[in-house]
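**Q** Next comes the sequence, and after it the predicted model I'd like to discuss.
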Amino acid sequence: MRNVFLGLVTLLFATAAQAKEVTLLMDWFPQGNQSVYWQAMLDNDDHDLKINIKPGGPKVKTTIAVASGQVEFGLNGSDSVMMANSKGAGLVAFFASLGHVPYTLVFHPDQGIETVKDLQGRRFAVVPGITYWKWVKKEYGVSADEFPLTGDLGLFAREKEMFQQGYSLFLPARLAAKGVATEQIKVSDLGYRPYSVLFTTQKMIDENPELVQEVVARLRAAFVKSLNNPKPTMDLILSKSKKVTAEIHMNAINLMKEEFLPKDYSKLGCMESARWGELAGQLKQVDVVPSDFDPASSFNLSFLGNCE
């Protein structure tokens, strides 16, 4: 009987230990905008909750991975969360790591490009079917000669009249490091502003809200730590990515502080329900969610405290 009791105790402790370890799946290879998450992992020795970070990439679908239970948490744009939910994924965003996804359209200087309409008819390296470009085309009545983005920066350097999609945090800096000057039109300036969000399932929210709250607390602390002292996460990210240099990383961190994060760090992670409604309307414009789609089930602000 004693052995049975000890076995049950061991099982209970093992179950508790499992519950105190979670995985966060990133939406791309390690880079500066993920610093908060990598810092949270670096802080594991100081906490009972162990946060594991799994890198993403072009073939990684974070919404599918979280919805199917492969990982507990994922990173993506709030537009991707809503599109997945329109198909029944049951996902909930609860923390914004960036005020908007840094989508940008990059082109060469001295091409007579002043507004997005000046891109009309030019060759455009783009991820096929990406939602923000669908919206830009409809909203601004512009079209381009689209071809699949491969990541070949040499092509952009050689072809002066083309333009290319990318992240404003990284692409201009990567090209500058190769001696290629650029200008850009930021998609957020055009009016399309999805949050970059951490999300989980509604089931997780319902069954383990304390764990979600603990993740938020860890992320806020990690955010402040990584912003005040970026070197530990920079060293870790540089060891995992050949495309990132110290200069590119620090440029991204500085841009995040200037353009993507609240000045009051107590508001880190905060979102506005009105922004979700605005974005849902834009997604309806381009028919990627149904006209009766309700964005309210795709986000939860209750873990963020006072965001006013």
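**A** Thanks, I have the structure now. Residues are numbered from 1 along each chain as shown.

**Q** which stretches of the protein form helices?
**A** Remark: helices assigned in the chain by DSSP state H are 2-19, 35-42, 62-67, 78-85, 131-140, 153-158, 171-177, 202-207, 209-228, 231-240, 246-255, 273-285.

**Q** worst average pLDDT in those helices?
**A** Comparing mean pLDDT across these, the weakest is helix 2-19, with a mean of 40.

**Q** so what are the domain limits for this structure?
**A** 2-100+193-298, 103-190 (automatic domain parsing).

**Q** could I get the ones you listed as TSV with distance to N306 and mean neighbour count?
**A** Every residue, glycine included, has its C-beta placed from N, CA and C. Output for the domains of the chain, formatted as TSV (distance: least, CB to CB, whole Å; neighbours: other CB atoms under 10 Å):
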stretch	distance to N306	mean neighbour count
domain 2-100+193-298	8	18
domain 103-190	25	16
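
**Q** Out of these, the one nearest C307 is which?
**A** domain 2-100+193-298 (3.6 Å; CB to CB).

**Q** before we move on, back to that, dump the helices of the chain to JSON lines, plus distance to K54.
**A** Shown next, in JSON lines, are those (distance: least, CB to CB, whole Å):
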{"stretch": "helix 2-19", "distance to K54": "17"}
{"stretch": "helix 35-42", "distance to K54": "10"}
{"stretch": "helix 62-67", "distance to K54": "9"}
{"stretch": "helix 78-85", "distance to K54": "17"}
{"stretch": "helix 131-140", "distance to K54": "24"}
{"stretch": "helix 153-158", "distance to K54": "26"}
{"stretch": "helix 171-177", "distance to K54": "24"}
{"stretch": "helix 202-207", "distance to K54": "17"}
{"stretch": "helix 209-228", "distance to K54": "15"}
{"stretch": "helix 231-240", "distance to K54": "12"}
{"stretch": "helix 246-255", "distance to K54": "20"}
{"stretch": "helix 273-285", "distance to K54": "26"}
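
**Q** Nearest to Q165 among those helices would be which one?
**A** Using CB to CB, the helices of the chain put helix 131-140 closest to Q165, at 7.2 Å.

**Q** quick one: contacts for Y132?
**A** For Y132, the contact set (CB atoms under 8 Å, 6 or more residues apart in numbering) comprises D79, Y103, V187, Y192, P194.

**Q** Tabulate the residues you listed in JSON lines, adding columns for distance to Y37.
**A** Shown next, in JSON lines, are these (distance: CB to CB, whole Å):
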{"residue": "D79", "distance to Y37": "20"}
{"residue": "Y103", "distance to Y37": "20"}
{"residue": "V187", "distance to Y37": "23"}
{"residue": "Y192", "distance to Y37": "24"}
{"residue": "P194", "distance to Y37": "18"}
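
**Q** For those, work out which two are farthest apart.
**A** D79 and V187 (11.2 Å).

**Q** Tell me which of the domains of the chain lies nearest to G305.
**A** Comparing the domains of the chain by CB to CB, domain 2-100+193-298 comes nearest, at 8.0 Å.

**Q** so how far is that closest one off the chain centroid?
**A** 8 Å (CA atoms, centre = their mean, to the nearest Å).

**Q** looking at the helices of the chain, which is closest to F299?
**A** Per CB to CB, nearest to F299 of those: helix 273-285, 5.5 Å.

**Q** Which elements pack onto that closest one?
**A** Packing contacts for helix 273-285, counted by 3 or more CB pairs under 8 Å, 6 or more residues apart in numbering; DSSP states H and E, involve helix 78-85, helix 131-140.

**Q** Next, format these as TSV and append distance to T63.
**A** Below are these laid out as TSV (distance: least, CB to CB, whole Å):
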stretch	distance to T63
helix 78-85	4
helix 131-140	13
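
**Q** if I look at the spatially closest residue to G191 that is not a sequence neighbour, how far off is Q285?
**A** The shortest distance from G191 to any non-neighbouring residue, by CB to CB, 6 or more residues apart in numbering, is to E139 (7.0 Å). E139 sits 7 Å away from Q285, taking CB to CB, to the nearest Å as the criterion.

**Q** now swap in S68 and tell me
**A** 29 Å.

**Q** Over to H249?
**A** 36 Å.
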